[in-house]
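Undergrad: output the structure for:
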Amino acid sequence: MLERLEATFVFGSLGNLPDATGEGWSVEDHYAWAIGAESRLRLPLPGDGARYLLRLTVQPLVHAGLRDAQRLSIDTAAGPLAGFSIDRRTTIELPLPLEQTRDKDCVELILRHPDALRPSDFGKAEDRRLLSVCLMSGTLSRQRDDERDDERDDQSDRESGGKPGGASGRAAAAPLCHLIIAGGLVARQISGVMAALPILRHRLACHYVNTEEGRGAAPPPREALQSAALYWEQSSGDDVAEWTGLRGVLSADCDMRRFAAPRMSALWPFLSNDPRLVHEAGLYPEGRYPFGDRIGTSLAALQLPDDIMQLSYQSMTETEMPDLDALLSADRAAWRALDAANDVKVADFIVENFRRYRLFFAPPYPTGDLLRHMIGQLVSGSPIEALCDPAALRRELDFLLTGYLGRRLELPIHPHVARRLGLAWWQPGMRYRWFSNQWTFEQYALHIIRWTPWRP
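TA: As a prediction, this is how the structure comes out:
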């Protein structure tokens, strides 16, 4: 049976499923331990009529002579699904019953694990938690018998009323709708999201044009340009003349929309250029720490112990903290200027939500919440809404962008800034992804001062 990967899951407080674990869990940074005899797990689903296979990578708590394996059974409210005996780190497979997944946005699993141990019982410090199996990560894959099932999956979404699973009045061989997306990083991210939506597979052909590479980038096929029903362009102040000519090839009835790549600076008030930032072939092609820190750079030449260095950095940043209200006011003005020049509006959404939700991973890098807002405006009222049920499309967008990681690069936020601006999503000791690293703000600050190498 063929498969198509639909989603990946990372457990733990730093993963992309913060609300998945209910009762019966002890959640740590990178994983979650099932505790006691029973745990509840809630995983998101696309909400369509396809069959899905769930894989979970688990680590059992075992000890020679005391417990050689952990038993694990997985049930739903409708009855048992599978049972396992786990004696080492492994990946288990769980075909999900169609009646438990069809048209649903989540599946609730009951994990029963009767062999829990206390680490303290075999000399593991003072840990007296009753632990059984540890969930590390997982994947959700769509199952199909052959390639023709893709067409059947797509047709099932087109029944009267737009519900998955019904008959379609649309011809299976309907021509593709072509979408051209031109721009830089944000355009590439939007293109990746649109191309990954299952509901638009075999209906929409998405072509990305990298305008930042100039003549080094290849344009889409001319026939795609000429037949494009939609053209989305990321605006900038230095559009390459070669790519602005794209508009001249498009048909007169092509739906054209412009969007910007918003930035936020108030969350990172000490941004500056760092003279140490150079291309490092093989490891750091964009430089080791692309976002310079003015205070960190000023301390870089001092030979101080780590604790004294951190205290010095903290003292200087608090003393030299700029007017955050003024920086935020400048950001607002910039967003409103973008709104005036583009079809996609972002200013009000960012102003109203940046305290409640994380909207930027770094000054130029939007999170899934901001991308969802922008894509929603690009799609609304466009020919895309004639290709599928708009409500189903929104559900798939929510599913795809939940836990969106972008470039796996999160620029840490100074605790004083987070408190001063009242960021509800921030918490003390918060860790940030820096590619394959997980650092607190304090650790990141020391690393950038020392210009410490990191795992790509």
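Undergrad: what are the ranges of the helices in the stretch 51-200 of the chain?
TA: Secondary structure of the stretch 51-200 of the chain (DSSP state H, counting those that start in this stretch): helices at 98-101, 148-156, 185-196.
Undergrad: tell me the helix or strand right after the last one.
TA: Moving toward the C-terminus from helix 185-196, the first helix or strand encountered (DSSP states H and E) is strand 204-210.
Undergrad: just checking, what packs against that next one?
TA: Where contact means 3 or more Cβ pairs under 8 Å, 6 or more residues apart in numbering; DSSP states H and E, strand 204-210 is packed against strand 177-183, helix 185-196. Using the backbone N, CA and C atoms, a C-beta is placed for each residue, glycine as well.
Undergrad: the strands in the stretch 351-456 of the chain, which residues?
TA: In the stretch 351-456 of the chain, strands defined by DSSP state E, counting those that start in this stretch lie at 360-362, 365-366, 431-434, 437-440, listed in chain order.
Undergrad: who does the last one pair with, and is each partner parallel or antiparallel?
TA: Strand 437-440 has the following sheet partners, assigned by DSSP bridges: strand 431-434 (antiparallel).
Undergrad: residues making contact with the partner strand?
TA: With contact meaning Cβ atoms under 8 Å, 6 or more residues apart in numbering, strand 431-434 is reached by 14, 29, 405, 408-412, 438-441, 444, 454.
Undergrad: if you set the cut-off to 10 Å instead, what comes out?
TA: Applying Cβ atoms under 10 Å, 6 or more residues apart in numbering, the contact partners of strand 431-434 are 13-14, 29-30, 289, 361-362, 405-413, 437-441, 443-444, 447, 454-456.
Undergrad: where among the helices of the stretch 51-200 of the chain is the average confidence lowest?
TA: Here the lowest mean pLDDT among the helices of the stretch 51-200 of the chain goes to helix 148-156, at a mean of 48.
Undergrad: PyMOL command for the buried members of the contacts of strand 431-434?
TA: To isolate the buried subset of the contacts of strand 431-434 in PyMOL, counting by 16 or more other Cβ atoms under 10 Å, use the following:
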select buried, resi 14+30+289+361+362+406+409+410+411+412+413+437+439+441+443+444+447
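Undergrad: so the chain: which segments form each domain?
TA: Split into domains by automatic domain parsing, the chain comes to 2-144, 175-259+368-399, 263-363+406-456.
Undergrad: now the weakest link among these, please, by mean pLDDT.
TA: For the domains of the chain, mean pLDDT drops lowest on domain 175-259+368-399, to a mean of 82.
Undergrad: follow-up on the earlier one: the strands of the stretch 351-456 of the chain: which one's closest to Pro383?
TA: When these are compared by Cβ to Cβ, strand 365-366 sits nearest Pro383, at 24.5 Å.
Undergrad: hmm, who's touching that closest one?
TA: With Cβ under 10 Å, 6+ apart, strand 365-366 has contacts from 185-186, 189-190, 261-264, 346, 350, 359-360, 372-374, 404, 406-407, 409-411.
Undergrad: show me which of these are buried.
TA: Buried among these (16+ other Cβ under 10 Å): 185-186, 189-190, 261-262, 264, 346, 350, 359-360, 372-374, 404, 406, 409-411.
Undergrad: how about the most centrally placed residue in the chain: what's its closest non-neighbour residue?
TA: Residue closest to the average C-alpha location in the chain (Cα atoms, centre = their mean): Tyr404, at 0.7 Å. Residue nearest to Tyr404 in three dimensions, not counting chain neighbours: Gly368, with 3.1 Å by Cβ to Cβ, 6 or more residues apart in numbering.
Undergrad: quick one: contacts for the one you found?
TA: Contacts here follow Cβ under 10 Å, 6+ apart; on that basis Gly368 touches 16, 189, 193, 357-359, 361, 375, 397-398, 400-406.
Undergrad: in helices only, show me these.
TA: Of these, the ones assigned to helices by DSSP state H are 189, 193, 375, 397-398, 400-401.
Undergrad: and the nearest residue to Glu410 once chain neighbours are set aside, how far from Thr402?
TA: Residue nearest to Glu410 in three dimensions, not counting chain neighbours: Tyr432, with 4.0 Å by Cβ to Cβ, 6+ apart. Going from Tyr432 to Thr402 by Cβ to Cβ, to the nearest Å gives 19 Å.
Undergrad: looking at these two, which one has more neighbours?
TA: Tyr432 (19 against 16; other Cβ atoms under 10 Å).
Undergrad: ok, residues contacting the top helix by length along the chain?
TA: Using DSSP H, we find that the single longest helix of the chain is helix 324-341. Identification of contacts with helix 324-341 by Cβ under 10 Å, 6+ apart yields 235, 258-269, 323, 344-351, 354, 363, 416-417, 420-421.
Undergrad: at 6 Å what do you get?
TA: Helix 324-341 has contacts (Cβ atoms under 6 Å, 6 or more residues apart in numbering) with 260, 262, 264-266, 269, 345-347, 350, 420.
Undergrad: got the buried residues for it?
TA: In helix 324-341, counting by 16+ other Cβ under 10 Å, buried: 327-328, 331, 334-335, 338-339.
Undergrad: before we move on, the earlier item: nearest to Asp115 among the strands of the stretch 351-456 of the chain would be which one?
TA: Asp115 lies closest to strand 437-440 among these, at 30.4 Å (Cβ to Cβ).
Undergrad: contacting residues around His373?
TA: Residues near His373 by Cβ under 6 Å, 6+ apart: Phe349.
Undergrad: any idea how far Ala347 is from the residue nearest to Tyr404?
TA: As for Gly368, its distance to Ala347 is 19 Å (criterion: Cβ to Cβ).
Undergrad: before we move on, what about Gly296?
TA: On the measure of Cβ to Cβ, Gly296 and Ala347 end up 31 Å apart.
Undergrad: same question, Leu405
TA: The gap separating Leu405 from Ala347 is 25 Å, by Cβ to Cβ.
Undergrad: can you pick the most crowded of the ones in helices among the contacts of Gly368?
TA: Going by other Cβ under 10 Å, Ile375 tops the ones in helices among the contacts of Gly368 with 25 neighbours.
Undergrad: report the contact partners of that one.
TA: By Cβ under 6 Å, 6+ apart, the residues touching Ile375 are Ile190.
Undergrad: and if you look at Asp87?
TA: 68-69.
Undergrad: hmm, try it at 8 Å
TA: The contact partners of Asp87, by Cβ under 8 Å, 6+ apart, come to 60, 62, 68-70.
Undergrad: again with Glu385
TA: Glu385 neighbours (Cβ under 8 Å, 6+ apart): 379, 393.
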